[in-house]
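[1] give me coordinates for this.
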Amino acid sequence: MSKKNDQTNFFRGIYEFEDPSGNLLAAKIPSEGTADLYDGTVVIVRPSQCAIFVYKGEIAELFADGTHELKTGNIPLLTKLMNAKLGFKSPIRCELWFFSGSVFAARRWGTPRPIVHQFKDAGAIPLRGHGQFNLVVKHPNKLLRTLIGSRSTYDITEAEELVQGQIAESFPEALAGIERLEDLGKANERVSQKIAALTNEKVARFGLNIIDLQVFSVTPPDEVLKAMNEKAAMNVIGDKREYLLYQAANSLTQKGGSSHGNDQLQMMMGLMLGKGLLTSQEDAPSMSYTPAVTAACPKCAQRVRAGNKFCANCGEQL
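    Numbers count the residues shown, from 1 in each chain. As a prediction, the model looks like this:
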């Protein structure tokens, strides 16, 4: 940012804007007070920049990129506002603002708190999302009127906070239509487009525009992810008994064969046996009582087990 003065009567300075940090969306030159515009003053607007003159709170002129030498009549609106019939005989004091037209790329966003979404197959699940977006100043005059106010600069950090809030507000509506928890991971592109459209509607009144918003992930809590992973593993193995045996063996392996691991394994195996999970119903040993076949003794009529050769009561040969 600079203002260069010349001692001649025909050339009264150069105004230009440079931002080595790359973080400024807008800056007033000079940062304090007003710019003094004379006949012959030069305003240099670099590529992807624009400059705005503000006189008594009213936008008087907008210059695109290029080198602009101020002469009587080549800024008609400002001349009209000043009622300067004799040209720039005395300096015109006004605010001079430079705006960056560059794309501020790869700005991160994330939901500050979980958003509860209702799934048909899983009920209400809290979700978090994060990603990135690109931001550009589309209408500098709107940005100047709505957000800048009396400050002398406006940077990307302030704009990011604004956009973050609008994305979080748009997030629940963007999730509408996702009915199954399993479909969440496949909907990133559709959710990205919806969030970008909804957020742009909100930030357009500030002169900002979001380009290429991306959703990296929309995730439920860790315990829900763990349950989904276990369900997927069970579906791959295909048999509940085999899956439980796999879990038991895996638990033993992770414990390194310690006695504590053996105790855990034995407890799990006992529970599985008690619930009939390790053996199928037809393979399980029968625990029911089957009464023995008996017959009556022909002499004393006492019941005798089938196969006995003598009656245990009277000794009669059978």
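[2] list the helices and strands the helix or strand containing Ala196 packs on?
    Per DSSP states H and E, Ala196 falls inside helix 188-203. The contact analysis (3 or more CB pairs under 8 Å, 6 or more residues apart in numbering; DSSP states H and E) places helix 188-203 against strand 123-137, helix 156-174, strand 208-219. For the C-beta atoms, the positions are set from N, CA and C on the backbone; glycine is no exception.
[3] right, so of those, which gets closest to Asn313?
    Closest to Asn313 of these is strand 123-137 (CB to CB; 70.3 Å).
[4] for Ile195, give me its contacts.
    Ile167, Ser170, Phe171, Ala174, Leu213, Val215 (CB atoms under 8 Å, 6 or more residues apart in numbering).
[5] tally of neighbours for the fourth one?
    When neighbours are defined as other CB atoms under 10 Å, Ala174 has 24 of them.
[6] now it. Nearest residue, chain neighbours left out?
    Lys194 (3.9 Å; CB to CB, 6 or more residues apart in numbering).
[7] before we move on, what about the third one?
    Nearest non-adjacent residue to Phe171, counting by CB to CB, 6+ apart: Ile115, 5.4 Å away.
[8] tell me how far the one you found lies from Leu143.
    Noted for Ile115: a distance of 29 Å to Leu143, by CB to CB, to the nearest Å.
[9] repeat that for Leu318.
    113 Å.
[10] tell me which of the two has more neighbours.
    Leu143 (21 against 13).
[11] ok so that one is a helix residue?
    Yes - assessed by DSSP: H, G, I helix; E, B strand; the rest coil, Leu143 belongs to a helix.
[12] wait, what's in contact with it?
    Leu25, Ala26, Phe99, Val137, Tyr154, Phe206, Gly207, Leu208.
[13] ok, Phe17 next?
    Contact analysis of Phe17 by CB under 8 Å, 6+ apart lists Met1, Ala27, Ile29, Val45, Arg46, Gln49, Ala51, Phe98.
[14] and those residues, which of them are in strands?
    Ala27, Ile29, Val45, Gln49, Ala51, Phe98 (DSSP state E).
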